[in-house]
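Engineer: Okay, structure incoming, though there's no sequence with it:
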């Protein structure tokens, strides 16, 4: 056993190509972590800029309260104590805070917007974060991100391939296999002993990168249990590939056949299967032109704005039993302001409905993708890590739901104030700030981990079975 | 003699069951993928046509809105898929495809495909561009890595040289055989695309055919560079296993690592402002100009005074036009200057970022072919920017027409009140996208084309002039 391990160690360390591959892998990992940390830095910078924007707007309005003024001197029609204007000046953003693990698993955080303005009068627009690709360099998005998950999902199997591809195969090419078989008690054990060191080396490197990433991003301190799951999944994925390649090698092929098989597996699992799944699901669940949403945001909104208030009043008061129709003779009652809010509430209902419908489409699409989970382990692995880091689509759906809830809460608060016919004082104005918040959406949900691990395991077992069966057939046929 | 070696190597490739199986599986998979892709393209085209129809119906049913209110109501324009977008989807999945055109604001396109997908969108696409530029080279590397080393290890190479065959002839013959294999994939992909497309009812214009030829040509050149490089490495490196490792690392570096690193470098050398900074900058500049909606705005009132002076009247109620329309257009004109400045400088930064990748393509032919592939398919950043440009031109024209109607479509009564005429908004034309020509693609992607040709020249020169330095016997002999 020790001799074989020593032999493997020498085989790896004395091969300039393998040593180079290991160095490149580590450098890529470190670069990926740095790149992820930089991405999160930019994300945090954007949130800080929003905070500054929000503070400036609020401070300006609070200054008017302190000075006993109603708004800017050159715009006398603005009165921030009125709910309609308070909505505009009590700036609030609902932002998605990066989790410490986000630096290691960027996910789709560079594709989706991570913040939304909370306002009841400019319309609820949970989808109106423009696509970063459109405003930036989409060719950069196309090139793909370079985070640790990419290195683990893509490059770990390739490193294993480079370290393992001639184990056993070289002996066959040189006609030494019979000699080996006569010298070892069990050729299976001989093979296991030979592949175990390269797999252990790669697992060690993966763990090292997880540790470096954990310390660098702060995940080790701030969310240790999530980091632990992250590292555990990464090691499981490495072992899965190790087992898979070992089965190819155990099949009894020469170096070049084994190399072809291994690269074919890598290509299939990391490139072709995810792309084929995406293409197949695109056909069954196409992403079209959001007509439902655009119709709500424009045509239906205008219909509401131009319709008579009578159409909505009844439903409005029915859904809010705490509110009674105000006495129009009340001096504080503003019919036009109340009308605005009643119509905004009606519009918000439509937005909620269309959001539900779009979310249902997204979930159906993801369920269709999940059906291929057993043959798509690279994606299952990537998705599990991104869920932990709060950068997967689930997090963005939760964020969008929170944005809608915050808009609803803001609208309700303004309606209460308007219905009561009171002007907002400073504390009342400040209470609107609570509609904004910053929240991380990472999940260390045990269920997700269990599903991901069992998915990976299932995929591994299935693939190993298929590969081993094919190889056994070959062995029987060719000896 | 080269032809003879070409035939011999081709026969060897065809006689290798593993390669034949791999190629057959790959070809069937690719053709199925093209078929699914063509269906997806048809679904998308139909979806777009439906969306355009719905938006147009909504536009034509506008009633009881003033022309300026209609400008606020706005319209939607939808990004069309180019005739060859299916061959290489390029940046299209990442950029918005629905754009709202309305008064006072230049909206960026929204609702990209990527915005509704999970992180699966990160794991590649199954289109001809990716397959030809990324996957086929790997398959070629894994079939060609032992092409020369195998003969050397078997002692065949020594015999050939002893019989007077030049090393250059051997290498070129082998390289051409692998290139023929690569061309088989290219021809299958492109002809499947054309056949399925024509069956689906598409027609090809002269420009589309030119693009198709340029697309195929650039991939053919890239694949030739790949096989020349693979055969060279197989010949230059002592044993087949090391050649395989070198080719794998080279492939990884060229197609996976370098594109990402170059894109990162570009964004570090030419950083873009964040979206917040971008929006705040525009808002600040916009606030310096005229606000057509604010009656207390100083510039608005200066312009009002000028209009009154131009018409030689003292009161708005004496003007033969609705002053609101004129003020709104002045507001719009100022806004357009601001959008041009900010969007223009943003596009300039993006152009510089792409320039970094174009410069890096002289180090990596994959970057060159990727840029050319997208450009000829009409799906690169430059083509996408053209959609935004044309949509913005349409917005400006639409708002100008509506403001003009707001100013002039009506009459002033004796009481000085302006009465609007009923306007038929359905007479205003919908957005029509003008596709770019092949010349447009070439004018933006010439560095990649030069790079690819230089790489081709370099590869041929390497095999032609340095072939004699290749070891004829292996290290073990």
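Structural biologist: All right, it came through fine. From a predicted model like this one, the values you see are computed outputs, not experimental measurements.
Engineer: Spatially central residue in chain B, please.
Structural biologist: Most central in chain B under Cα atoms, centre = their mean is residue B:380, positioned 1.4 Å from the mean C-alpha point.
Engineer: Setting aside sequence neighbours, what's the nearest residue to that one?
Structural biologist: Closest residue in space to residue B:380, ignoring its immediate chain neighbours: residue B:374 at 3.8 Å, by Cβ to Cβ, 6 or more residues apart in numbering or on different chains. For every residue, glycine as well, the C-beta is placed using N, CA and C.
Engineer: and what of residue A:177?
Structural biologist: Nearest residue to residue A:177 in three dimensions, chain neighbours excluded: residue A:171, at 4.8 Å (Cβ to Cβ, 6+ apart).
Engineer: Does at least one residue of stretch B:400-415 sit close to chain A?
Structural biologist: No. Using Cβ under 8 Å from any Cβ of the partner chain, we find that stretch B:400-415 stays clear of chain A, coming within 15.1 Å at best.
Engineer: Not counting that stretch itself, show me its contacts.
Structural biologist: With contacts defined as Cβ atoms under 8 Å, 6 or more residues apart in numbering or on different chains, stretch B:400-415 is touched by B:66-68, B:70-71, B:103, B:317, B:319-326, B:328-329, B:332, B:418-421, B:423, B:428.
Engineer: Now with 7 Å, please.
Structural biologist: B:66-68, B:70-71, B:320-322, B:324-326, B:328-329, B:332, B:418-421, B:423, B:428 (Cβ atoms under 7 Å, 6 or more residues apart in numbering or on different chains).
Engineer: Those, buried ones only, as a PyMOL selection?
Structural biologist: Filtering the contacts of stretch B:400-415 down to the buried ones (16 or more other Cβ atoms under 10 Å in any protein chain shown) takes a single PyMOL command:
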select buried, chain B and resi 66+67+68+70+71+321+322+324+325+326+328+329+332+418+423+428
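Engineer: on that earlier part again, next up, the contacts around the residue nearest to residue B:380.
Structural biologist: Going by Cβ under 7 Å, 6+ apart, residue B:374 touches B:88, B:90, B:129, B:380.
Engineer: before we move on, the earlier item: burial of the residue nearest to residue A:177, as a residue count?
Structural biologist: Applying other Cβ atoms under 10 Å in any protein chain shown, we find 19 other residues in the vicinity of residue A:171.
Engineer: Check the gap between it and residue A:194 for me.
Structural biologist: Computed as Cβ to Cβ, to the nearest Å, the residue A:171 to residue A:194 distance reads 10 Å.
Engineer: Tell me which residue in the stretch 301-450 of chain A sits closest to chain B.
Structural biologist: Going by Cβ to the nearest Cβ, chain B is nearest to residue A:393 of the stretch 301-450 of chain A, at 4.0 Å.
Engineer: Identify the residues contacting the nearest residue to that residue once chain neighbours are set aside.
Structural biologist: Leaving aside its sequence neighbours, residue A:393 sits nearest to residue B:118 (Cβ to Cβ, 6+ apart; 4.0 Å). If you count contacts by Cβ under 7 Å, 6+ apart, residue B:118 has them with A:366, A:369, A:383, A:392, A:393.
Engineer: Go again with 8 Å.
Structural biologist: Counting by Cβ under 8 Å, 6+ apart, residue B:118 makes contact with A:108, A:366, A:369, A:383, A:392, A:393, A:394.
Engineer: Could you count how many residues lie near the residue nearest to residue B:468 when sequence neighbours are not counted?
Structural biologist: Leaving aside its sequence neighbours, residue B:468 sits nearest to residue B:167 (Cβ to Cβ, 6+ apart; 6.1 Å). The local packing of residue B:167 (other Cβ under 10 Å) involves 20 other residues.
Engineer: again with residue B:100
Structural biologist: 20.
Engineer: now swap in residue A:15 and tell me
Structural biologist: Residue crowding around residue A:15 was assessed by other Cβ under 10 Å; the count is 18.
Engineer: Now it: phi and psi?
Structural biologist: phi -90, psi 110 (degrees, to the nearest 10).
Engineer: Enumerate every residue touching it.
Structural biologist: Neighbouring residues of residue A:15 by Cβ under 8 Å, 6+ apart: B:242, B:245.
Engineer: My guess is residue B:140 contacts residue B:183. True?
Structural biologist: No. Judged on Cβ atoms under 8 Å, residue B:140 makes no contact with residue B:183 at a distance of 11.1 Å.
Engineer: returning to what we had before: and for the residue of the stretch 301-450 of chain A closest to chain B, the neighbour number?
Structural biologist: As a burial measure, residue A:393 scores 25 neighbours (other Cβ under 10 Å).
Engineer: Can you tell me the closest non-neighbouring residue to residue B:323?
Structural biologist: Closest residue in space to residue B:323, ignoring its immediate chain neighbours: residue B:316 at 5.3 Å, by Cβ to Cβ, 6+ apart.
Engineer: How much space separates the residue nearest the centre of chain A from residue B:120?
Structural biologist: The centroid of chain A falls nearest to residue A:392 when counting by Cα atoms, centre = their mean (1.8 Å). Noted for residue A:392: a distance of 10 Å to residue B:120, by Cβ to Cβ.
Engineer: before we move on, the earlier item: so the residue nearest to the centre of chain B sits right up against residue B:82, yeah?
Structural biologist: No. Counting by Cβ under 8 Å, residue B:380 stays clear of residue B:82, with 10.6 Å between them.
Engineer: who touches both of the two?
Structural biologist: If you check residue B:380 and residue B:82 against Cβ under 8 Å, 6+ apart, no residue is contacted by both.
Engineer: how close does the residue nearest to residue B:323 sit to chain A?
Structural biologist: Between residue B:316 and chain A the computed distance is 19 Å (Cβ to the nearest Cβ, to the nearest Å).
Engineer: go on, residue B:394?
Structural biologist: Residue B:394 is 16 Å from chain A, where distance means Cβ to the nearest Cβ.
Engineer: Which positions within whichever strand or helix holds that residue qualify as buried?
Structural biologist: Using DSSP states H and E, residue B:394 maps to helix B:381-408. For helix B:381-408, a neighbour-count test (16+ other Cβ under 10 Å) marks B:381-388, B:390-392, B:394-396, B:398-399, B:401-403, B:405-407 as buried.
Engineer: same check, this time on stretch A:411-420
Structural biologist: A:411, A:412, A:413, A:414, A:415, A:416, A:417, A:418, A:419.
Engineer: What is the burial count for residue B:375?
Structural biologist: 30.
Engineer: That one is in contact with residue B:382, isn't it?
Structural biologist: Yes. At 7.0 Å, residue B:375 and residue B:382 qualify as touching, with contact defined as Cβ under 8 Å.
Engineer: list the residues that contact both of these two?
Structural biologist: Any residue near both residue B:375 and residue B:382 by Cβ under 8 Å, 6+ apart counts here, and that gives B:441, B:444, B:445.
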